[in-house]
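Trainee: Attaching a predicted model along with its sequence, questions to come.
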Amino acid sequence: MKIMVVGEEDAFQKHLLKNTLEAIKEIGCECQLEVIHDIKEIVHFVESQGQIIITPALIVDNHILCEGHIWDKEHIKHYLMTVTK
């Protein structure tokens, strides 16, 4: 499973990243985590995906879970447990 946190390194992105890391750790999910916070990398990612992404965004296996807001840890855990079954 590939998990991406996309967004400039600000308080919102850091909070989403923290929640994601805690969720991964608590459920023992084996995954590849990528954090894209450099604006040039974000622009390149958006162009390569062919869609607009409002940051911060949480993406799991190319599926956008949330964008423009922050999921709490429990919501992230619930989703990850659902897709890893």
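Mentor: Thanks, I have it.
Trainee: In the helix or strand of the chain with the lowest mean pLDDT, which residues are buried?
Mentor: Here the helix or strand of the chain ranked lowest by mean pLDDT, DSSP states H and E is helix 39-49, holding a mean of 89. Within helix 39-49, the residues that count as buried by 16 or more other C-beta atoms under 10 Å are 42, 45-46. For every residue, glycine as well, the C-beta is placed using N, CA and C.
Trainee: Parallel or antiparallel, which strands does the helix or strand that comes right after it pair with?
Mentor: Moving toward the C-terminus from helix 39-49, the next helix or strand (DSSP states H and E) is strand 57-60. Counting by DSSP bridges, the strands paired with strand 57-60 are strand 2-6 (antiparallel), strand 63-67 (antiparallel).
Trainee: how about the closest residue in space to F45 that isn't next to it in sequence, what does it touch?
Mentor: Spatial nearest neighbour of F45, chain neighbours left out: I36 (5.7 Å); criterion: C-beta to C-beta, 6 or more residues apart in numbering. With contact taken as C-beta atoms under 8 Å, 6 or more residues apart in numbering, I36 is in contact with 4-7, 42, 45.
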